[in-house]
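Engineer: model the structure of this input:
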Amino acid sequence: MLLRLPPLSLYIHVPWCIRKCPYCDFNSHALTDGNIPEEEYINSLLADFKEELGKIESRELISIFIGGGTPSLLSSKCYQRLLKELGKYVHFSCDIEITLEVNPGACEYDRFQGYCEAGINRFSLGVQSFQDEKLKALGRIHSAEEAIRAITSLNDIGFSNFNIDLMHGLPCQTKNDALYDLKTAIDLSPAHISWYQLTIEPNTVFYSTRPVLPVDDTLWSIQDAGQALLAGCNYQQYEISGYSQSGRQSRHNLNYWKFGDYIGIGAGAHGKWSCKDSGEICRNWKTRMPKDYLSPEKPFQTGQRSLGSEDKRLEFMMNALRLHQGVSPELYVERTGQPLATLYEAWSLSRKKGLMVSERRLAASAQGRLFLNDLLALFA
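Structural biologist: Coordinates of the predicted model:
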């Protein structure tokens, strides 16, 4: 049994993109004829959401995140209709955060205005680099100039609540290259910067044809210098790859890291929800192929599993230890329904190894953040 249900978010997946990037392992599908069945997809999203209504249990939505793929391929009218219809079935909190992922090459002044009028109040721009040769190596379809122009458009309309996605550890990247990207981003005054290292994932072009990546010493140098630069410019690191101005953290991501609940709708979307009375915590996932998701003959959901006690412990810690400040031990009990004693052995051992910091917070030490996989293995 849970004392109370966790906060509830909504993730919406839009699976289409212009061209799939060689590092991308997300559920994204390149457009073949240039046309997206917008109305049909919105209809499917709404039907999918209606099937999830029993998981809400009188809660309000604290955040909505629309990811992809490239969600900015859909028009503002589509999102206006979608958000309006969703609001008929679930209450939006008065300060709900509604984020739309944006391709910097596809959005400027008028399009941003339309999305804002539709109800979007936060944008996340997938810039990745401000250097054309790096963008080309990553298979991105926008230029550095287009990215700067898109962000300048946001500033011109007085919109400050946006995130810039940047990668480091790119093919043939030097420390100066990485710092140039960060300095350019900082000069554009985003509320939030997501700065993460390129990783080579299975089932990607980069996995089968590996690019030349920086050596480990260069990667450490990039990370140390970049973190110092961000801190010196008042971007606080609050999780592994998240840096924000004071009070501008991603509320949607924070709900993930604190083991909150979220409904997932759209092709390939995942969800997690809790049952107060039974204490059961489940995950589910939706069909990946857009044509199947759009078909009235096929179900939206293709899988579901209930978390066992060991799953709850490990998954809670996998999320919580991303946060620099960690979480209180009481949150573990509240969100998993399990006694704190189920953590004691691994928690004590991790402190002895110097991987966690104290008896009062579930938080990784600086050493623990560097060797996070080793730390998590203690809770498996």
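Engineer: hmm, who's touching stretch 64-71?
Structural biologist: By Cβ atoms under 8 Å, 6 or more residues apart in numbering, the list of residues contacting stretch 64-71 from outside reads 9-18, 26-29, 79, 83, 86, 96-103, 106, 120, 252. To be clear about C-beta, it is placed using only N, CA and C from the backbone, and glycine gets the same treatment.
Engineer: where helices are concerned, which of the residues you listed count?
Structural biologist: Y79, L83, L86, H252 (DSSP state H).
Engineer: I'd like to know which of the residues you listed are buried.
Structural biologist: Burial by neighbour count, judged by 16 or more other Cβ atoms under 10 Å, picks out Y79, L83, L86, H252 from those.
Engineer: using CSV, list the CA coordinates for the longest helix along the chain.
Structural biologist: When every helix of the chain is counted residue by residue (DSSP H), the longest turns out to be helix 216-232. What follows is helix 216-232 as a C-alpha-only set of coordinates in CSV (Å, rounded to 0.1, in the frame of the first residue of the first chain):
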residue,chain,number,x,y,z
ASP,A,216,39.2,9.2,-22.6
ASP,A,217,41.6,11.9,-21.4
THR,A,218,40.0,14.4,-23.8
LEU,A,219,36.5,13.4,-22.6
TRP,A,220,37.5,14.0,-19.0
SER,A,221,39.0,17.4,-19.9
ILE,A,222,35.9,18.4,-21.8
GLN,A,223,33.6,17.4,-18.9
ASP,A,224,35.7,19.2,-16.2
ALA,A,225,36.1,22.4,-18.2
GLY,A,226,32.5,22.4,-19.4
GLN,A,227,31.1,21.9,-15.9
ALA,A,228,33.3,24.7,-14.6
LEU,A,229,32.1,27.1,-17.4
LEU,A,230,28.5,26.3,-16.7
ALA,A,231,28.8,26.8,-13.0
GLY,A,232,30.6,30.1,-13.5
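Engineer: list of residues touching that helix?
Structural biologist: Defining contact as Cβ under 8 Å, 6+ apart, one finds that helix 216-232 is touched by 168-169, 173-175, 178-179, 182-183, 186, 193, 195, 197, 214, 237, 243.
Engineer: can you pull out the helices in the stretch 1-150 of the chain?
Structural biologist: Secondary structure of the stretch 1-150 of the chain, counting by DSSP state H, counting those that start in this stretch: helices at 38-51, 76-86, 109-118, 132-137, 144-156.
Engineer: would you map out the domains in the chain?
Structural biologist: By the record's domain assignment, the chain is partitioned as 8-255, 308-380 (automatic domain parsing).
Engineer: who wins for proximity to I265 among those?
Structural biologist: domain 8-255 (4.3 Å; Cβ to Cβ).
Engineer: one step back: possible to save the ones in helices among the contacts of stretch 64-71 as a markdown table with distance to S348 and pLDDT?
Structural biologist: As requested, the ones in helices among the contacts of stretch 64-71 are exported to a markdown table (distance: Cβ to Cβ, whole Å; pLDDT from 0 to 100):
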| residue | distance to S348 | pLDDT |
| --- | --- | --- |
| Y79 | 49 | 98 |
| L83 | 47 | 98 |
| L86 | 45 | 98 |
| H252 | 33 | 99 |
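Engineer: so which of these is the closest to K50?
Structural biologist: Comparing every one of the ones in helices among the contacts of stretch 64-71 with K50 (Cβ to Cβ), the shortest separation belongs to L86, at 10.1 Å.
Engineer: could you list every residue that touches the closest one?
Structural biologist: Applying Cβ under 8 Å, 6+ apart, we find L86 in contact with L10, L46, F49, I64.
Engineer: could you do A191 as well?
Structural biologist: Applying Cβ under 8 Å, 6+ apart, we find A191 in contact with S160, N161, F162, N163, S244, Q245, R248.
Engineer: so for it, what's the nearest residue that isn't a sequence neighbour?
Structural biologist: Of all residues beyond its chain neighbours, the one nearest A191 is R248 (3.9 Å), with distances taken as Cβ to Cβ, 6 or more residues apart in numbering.
Engineer: give me the pLDDT for G105.
Structural biologist: Model confidence at G105, expressed as pLDDT, equals 82.
Engineer: how about E108?
Structural biologist: Reading off the confidence values, E108 has pLDDT 77.
Engineer: tilt between the biggest strand by length in the chain and helix 144-156?
Structural biologist: If you go by DSSP state E, the chain has its longest strand at strand 92-102. Taking axes from the mean of the first three to the mean of the last three Cα atoms, to 10 degrees, one finds that strand 92-102 is oriented at 160 degrees with respect to helix 144-156.
Engineer: so where do the helices sit in the stretch 151-300 of the chain?
Structural biologist: 175-187, 205-208, 216-232, 251-257, 290-294.
Engineer: just name the most buried of those helices.
Structural biologist: helix 251-257 (a mean of 21; mean count of other Cβ atoms under 10 Å).
Engineer: mind listing what P299 touches?
Structural biologist: By Cβ under 8 Å, 6+ apart, the contact list for P299 reads T287.
Engineer: give me the buried positions along stretch 68-86.
Structural biologist: Across stretch 68-86, burial judged by 16+ other Cβ under 10 Å covers 68-74, 76, 78-83, 86.
Engineer: and for stretch 41-53?
Structural biologist: Counting neighbours by 16+ other Cβ under 10 Å, one finds that the buried residues in stretch 41-53 are Y41, I42, N43, S44, L45, L46, D48, F49, E52.
Engineer: turn those into a markdown table, including pLDDT.
Structural biologist: As requested, the buried residues of stretch 41-53 are exported to a markdown table (pLDDT from 0 to 100):
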| residue | pLDDT |
| --- | --- |
| Y41 | 98 |
| I42 | 98 |
| N43 | 98 |
| S44 | 98 |
| L45 | 99 |
| L46 | 99 |
| D48 | 98 |
| F49 | 98 |
| E52 | 98 |
